[in-house]
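Engineer: Sequence isn't available, so here's the structure alone:
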């Protein structure tokens with residue numbers, strides 16, 4: 001099999017192959033590390049992100065024998081591992097949300113923002129949102145941020161968190177309602193999902 005066709009295989013095939021050729025797992029890392037890093041950085045900040053991302057992929061590598069190969073995309077599995085590790089760093093995450101609440105500076109978008117009036121207004125909204133996110137129960141916050149920041153679908157969130165799809169829907173709905181109330185009727189998803197401006 002050529003290097004090109006190996007890179008084109010699905011995650012499950014790379015994980016399966018890595019059982020006999022450990023280097024094959026590098027393709028799973030290459031495909032997903034940057035997305036996992038952005039997600040963890042938003043949740044815990046730059047300082048903790050590197051360690052948690054490294055631990056996520058180390059845990060995945062160690063648990064690869066238990067990976068369900070019927071799932072061709074390892075993304076939900078990796079986000080589930082990362083989210084569980086974030087749970088261990090709960091105090092760091094709450095601190096990060098409080099920093100965002102005070103400063104309005106998102107560690108992922110900060111390098112790409114300018115100081116226009118729109119940005120200043122968005123920062124104020126993000127500050128209020130960060131404070132409100134910190135008050136959510138962890139399961140609600142995990143589900144909501146896996147959708148908003150990691151871009152997972154509801155079924156992928158259910159897989160990542162190992163809960164039923166109905167539980168995901170309920171958690172996200174309750175989180176949105178609570179955030180909307182905390183934000184004075186503003187749609188929280190419009191603030192949470194804001195992407196950095198690349199210039």
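Structural biologist: Structure received. Keep in mind that this is a model prediction, so the values were computed, not measured.
Engineer: From residue 132, how far out is residue 45?
Structural biologist: Using C-beta to C-beta, to the nearest Å, we find residue 45 at a distance of 18 Å from residue 132. Quick note: C-beta positions are derived from backbone N, CA and C, even for glycine.
Engineer: Count residues in the vicinity of residue 148, would you?
Structural biologist: The number of residues packed near residue 148 is 21, by other C-beta atoms under 10 Å.
Engineer: Report the spatially closest residue to it, excluding sequence-adjacent ones.
Structural biologist: Closest residue in space to residue 148, ignoring its immediate chain neighbours: residue 192 at 4.1 Å, by C-beta to C-beta, 6 or more residues apart in numbering.
Engineer: got it, and residue 188?
Structural biologist: That would be residue 179: by C-beta to C-beta, 6+ apart, it lies 3.6 Å from residue 188.
Engineer: what's the average pLDDT for the one helix or strand the one you found maps to?
Structural biologist: Using DSSP states H and E, the element containing residue 179 is helix 165-182. Mean pLDDT, computed over helix 165-182, is 93.
Engineer: Stretch 9-23 now?
Structural biologist: Averaged across stretch 9-23, the pLDDT comes to 95.
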